[in-house]
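Participant: Model the following, please.
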Amino acid sequence: MDTDDARKMIALLEQIRDGQQLQLQRQAEALDRQTEALGMQRQHFENLQNQSGKARELQERAEKIQARSARLIGSARVLVLIVAPLAVLLLVFVCWLVFSRAVR
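Facilitator: Numbers count the residues shown, from 1 in each chain. Down below sits the predicted model:
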C-alpha cells in the first residue's frame with residue numbers, strides 16, 4: 001500500500017467514525033424525545049385517572065340524588081292519592097254547606 005491509499009483509507013475510516021458518532025448522537029436525541037414523550041404520557045394518564053375518579057364520584061352523587069328523587073316522587077304520589085280525594089270531599093262538603101244555608 002502506498003501513502004495515497006493509506007490516506008484514502010484513513011479518510012474513509014474517519015468518515016465512518018464521524019457517521020457512527022452522528023448516528024449515536026441522533027439515537028441519543030431520539031431516546032431523549034422518547035423519554036420526554038413517555039413522561040408526558042404518564043402525566044396524561046395520571047390526569048385521566050384523576051378525571052375518572054371525579055367522574056365516578058359525580059356519578060355516585062347523581063345516583064344518590066336520583067334515588068332520593070324517586071322516593072320523593074313516590075311519596076308525592078301517595079300523598080296526592082290521599083289528599084286529592086279528601087280535597088274533593090271537602091269541596092263537596094263546603095258546597096253542600098253553602099247551598100244548604102242559601103236555601104233556608
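Participant: which residues in this protein form helices?
Facilitator: 3-103 (DSSP state H).
Participant: so where is it shaky, pLDDT-wise?
Facilitator: 1, 104 (pLDDT under 70).
Participant: burial count for Lys8?
Facilitator: Around Lys8 there are 12 other residues, counting by other Cβ atoms under 10 Å. In this view, the C-beta of every residue, glycine as well, is placed from N, C-alpha and C.
Participant: got it, and the one 10 residues further on?
Facilitator: The tally of other residues near Asp18 (other Cβ under 10 Å) stands at 10.
Participant: which residues touch it?
Facilitator: For Asp18, the contact set (Cβ atoms under 8 Å, 6 or more residues apart in numbering) is empty.
Participant: separation between it and Leu12?
Facilitator: 11 Å (Cβ to Cβ, to the nearest Å).
Participant: What of Val88?
Facilitator: 109 Å.
Participant: What of Ile82?
Facilitator: Taken as Cβ to Cβ, the span from Ile82 to Leu12 is 103 Å.
Participant: ditto for Ala62
Facilitator: Remark: distance between Ala62 and Leu12 (Cβ to Cβ) = 73 Å.
Participant: repeat for Ser52
Facilitator: For Ser52, the distance to Leu12 - Cβ to Cβ - is 58 Å.
Participant: Please apply the same query to Arg68.
Facilitator: 83 Å.
Participant: do the same with Val92
Facilitator: From Val92 to Leu12 the distance is 115 Å (Cβ to Cβ).
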